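**Q** Provided below for reference: sequence and predicted model.
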Amino acid sequence: MIEFLGAGKVYKSRLGKSVRALEDFSLRAERGEVLGIAGPNGAGKSTLIAIALGYLTPSEGKVTLDGRSPREFIERNGIAYMSELVSIPPKWSVESAITRYALLAGIPDSRMSARREESIERLGLAEHRSKTIKQLSKGNLQRLGLAQALLRDDAIVILDEPTHGLDPVWTQRFRDLIQELRAPDRTILVASHNLDELERVADRVAIIDRGRLQRIVATGETTSRVASSYHISVMRGAEHIPDIFADARDLGNGAFEVGASDMESLNRAIGALIERGVLLTAVTPTYSSLETQFREAVGEASR
Amino acid sequence: MKARLGRYATWQLRDFVFERGIPLMVVAALLLFPTVVAVRSMLRGNTAGSTEHNIAQSGFTSLIVGMLSFVIILISTNGMVHNDIRRGYFRFLFAKPVAAWRFYAQSFAVNWLGAMLAALVVLTAFFALTTPFFPSGLFPFLTLYYMALGGLVFFVSVLTRLDWVIVAAIWAFAQILRGMFPPASGLFGRAVDILLPPAHRMSAVGEALMRSGTTTGAAPGDSALLLSVLWLAGWGLLAFLAGLLLLRHRPLAA
């Protein structure tokens, strides 16, 4: 369990200027939960994670991992952590990096080889094993970052922008990995800009902006919520759209943006279009429900 | 599962060899080449065993060993902590069940071993090319020097970058201030003697240890020498321990 209790952080420059990065942040990520952290650039996500790892101390409040201070917990148990920027010495090879991290993770000799191979295979790094870090592409480096994080079955997993630089295939693979990692006694925290990804993998998403927790969204709720606007694409009968949707905005090439107050009225309007012989090819939310909530939360914060 | 830090020492030694050992050999070769030529030409006129020969030999030995030791130790210890912090390598290392202070304490010990091996190679080459004389007190001297100078570099490395530049400047500044204000000159001189790094004691201890076994070298019961050794070791150890204490209690990304 990861718990933030009124955590705040103020950075002070040597000239005495101070910048508040985090303010009165309280949140608890429970065991068995995947908690997403979303926020725009500079919202305080990185500070939050650095505090959870004990790499920074909060100026106010406290943070605990299973009831202990972060450093105390990590030095006793270790955690699975992957940072947004994967920093590994450039001259290390992929294989030696995994071996080194496995030694520090306490993997015994009897399991070292099997665990290393499993980790390399799992993240598709077999063909790159003898390459040095500086020879790796951004995506492969990101996968190595994930591989070192998942060397042990840690009770706490913290992933900061884990799919940054991954191609669509590995982005999907990452989502599968998160599902595999789900366990009743494991807490997983994922910070990401990618709201679609968070909506798919997390149970709850904490939206932060300007260092404050703006709202917590349960992703189960977002799938049942109606989006505020939709894109409708038609192959035939585009002239009927403004009759049914008074606020329709023509985007060209048979695409329109229309408003919807609730799911029933949207379905009724679509039914009316079909009755008039309109041939629809797609109806998609303009923003995902989480994205809508995110925009509202961040918009509210900036007002 | 606790980190297998002891096993990790082999990787730290490997890093020393490739990241510090090779540059160290290059710098040492560049320093040694002109020195060896000069020493050989100066010793050529003297008969081995003669007073002139011994004076020249011991003078050069102290000079070269002192100079090389300074360079070897600075290369062996610079950026030991701060490089990992500045480049972000600490993030993955210390997400594992390992305390930063233990990791870097081991690094300090491994780099000492590396420095000794490097010194062995470099100074063996020097003495083989100049005069078949290998001072018996060399390794105690190097260890003491490593503790005193390396301990200070370690401490500064925990705090900031450019540690070796800062320490070299402090080391030189201490020498200059001590020359201007000797301990006997008054309170300020006494304060300078105690507070600044004991660089001046290093050369005196070096001379004595390098000539140990000879009539002018270190003799058992030499209390002034013992005090200098303790002073140097204590000063370095204090700086090293202060560095470890900071690593234990100060967040790494601060």
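**A** Nice, I can see it. Being a predicted model, the structure only gives us computed values, none of them experimental.

**Q** Strands along chain A, start to end?
**A** A:2-12, A:18-29, A:34-38, A:60-65, A:80-82, A:156-160, A:187-191, A:204-209, A:212-218, A:229-236, A:249-252, A:255-259, A:279-285 (DSSP state E).

**Q** and residue B:100, what does it touch?
**A** Residues in contact with residue B:100 (Cβ atoms under 8 Å, 6 or more residues apart in numbering or on different chains) are B:90, B:93, B:94, B:247, B:248, B:252. Yep, even glycine has a C-beta here, placed from its N, CA and C like the rest.

**Q** Against residue A:197, how distant is residue A:38?
**A** Distance, residue A:38 to residue A:197, by Cβ to Cβ, to the nearest Å: 10 Å.

**Q** between those two, who's got more neighbours?
**A** Remark: of residue A:38 and residue A:197, residue A:38 carries more neighbours, 29 against 21, as counted by other Cβ atoms under 10 Å in any protein chain shown.

**Q** from the middle of its chain, how far away would stretch A:15-35 be?
**A** 16 Å (Cα atoms, centre = their mean, to the nearest Å).

**Q** From chain B, how far out is the residue nearest to residue A:277 when sequence neighbours are not counted?
**A** Excluding its sequence neighbours, the residue lying closest to residue A:277 (Cβ to Cβ, 6 or more residues apart in numbering or on different chains) is residue A:237, at 5.4 Å. Residue A:237 sits 57 Å away from chain B, going by Cβ to the nearest Cβ, to the nearest Å.

**Q** Ok, residue A:245 next?
**A** Residue A:245 is 50 Å from chain B, by Cβ to the nearest Cβ.

**Q** what bridges to the residue lying closest to that residue once chain neighbours are set aside?
**A** Residue nearest to residue A:245 in three dimensions, not counting chain neighbours: residue A:258, with 4.1 Å by Cβ to Cβ, 6+ apart. Beta bridges link residue A:258 to residue A:230, judged by DSSP bridges.

**Q** Quick check: beta-bridge partners of the nearest residue to residue A:58 once chain neighbours are set aside?
**A** With sequence-adjacent residues excluded and distances taken as Cβ to Cβ, 6+ apart, residue A:58 is closest to residue A:7, at 4.5 Å. Note on residue A:7: beta-bridge partners residue A:25, judged by DSSP bridges.

**Q** Can you name the residues of the stretch 1-150 of chain A sitting close to chain B?
**A** Within the stretch 1-150 of chain A, the positions lying close to chain B (Cβ under 8 Å from any Cβ of the partner chain) are A:50, A:53-57, A:71, A:74-81, A:83, A:85, A:87-89, A:91, A:96, A:100-101, A:103-108, A:145, A:148-149.

**Q** per-residue pLDDT, residue 192?
**A** No chain in the question, so chain A it is. With respect to pLDDT, residue A:192 has a value of 90.

**Q** sorry, should have said chain B
**A** For residue B:192, the pLDDT comes out at 82.

**Q** same check, this time on residue A:69
**A** 95.

**Q** And the residue nearest the centre of chain B, how far from chain A?
**A** For chain B, the residue nearest the mean C-alpha position is residue B:146 (3.2 Å; Cα atoms, centre = their mean). To chain A, residue B:146 is 24 Å away according to Cβ to the nearest Cβ.

**Q** what's residue 78 sitting at in phi/psi?
**A** Answering for chain A, as no chain was given. Main-chain dihedrals, residue A:78, degrees, to the nearest 10: phi 80, psi 160.

**Q** Chain B, not that one
**A** The phi/psi pair for residue B:78 (degrees, to the nearest 10) is phi -60, psi 140.

**Q** Correct me if wrong: it contacts residue B:157.
**A** Yes - applying Cβ atoms under 8 Å, one finds residue B:78 in contact with residue B:157, separated by 7.1 Å.

**Q** Look at those two and report which has more neighbours.
**A** Between residue B:78 and residue B:157, residue B:157 has the larger neighbour count (other Cβ under 10 Å), namely 27 against 23.

**Q** What residues does the more buried one make contact with?
**A** With Cβ under 8 Å, 6+ apart, residue B:157 has these contacts: B:77, B:78, B:79, B:80, B:81, B:82, B:163, B:243.

**Q** Report the buried members of the residues of the stretch 1-150 of chain A next to chain B.
**A** Neighbour counting with 16 or more other Cβ atoms under 10 Å in any protein chain shown marks A:50, A:53-57, A:71, A:74-75, A:77-81, A:83, A:87-89, A:96, A:100-101, A:103-107, A:145, A:148-149 as buried within the residues of the stretch 1-150 of chain A next to chain B.
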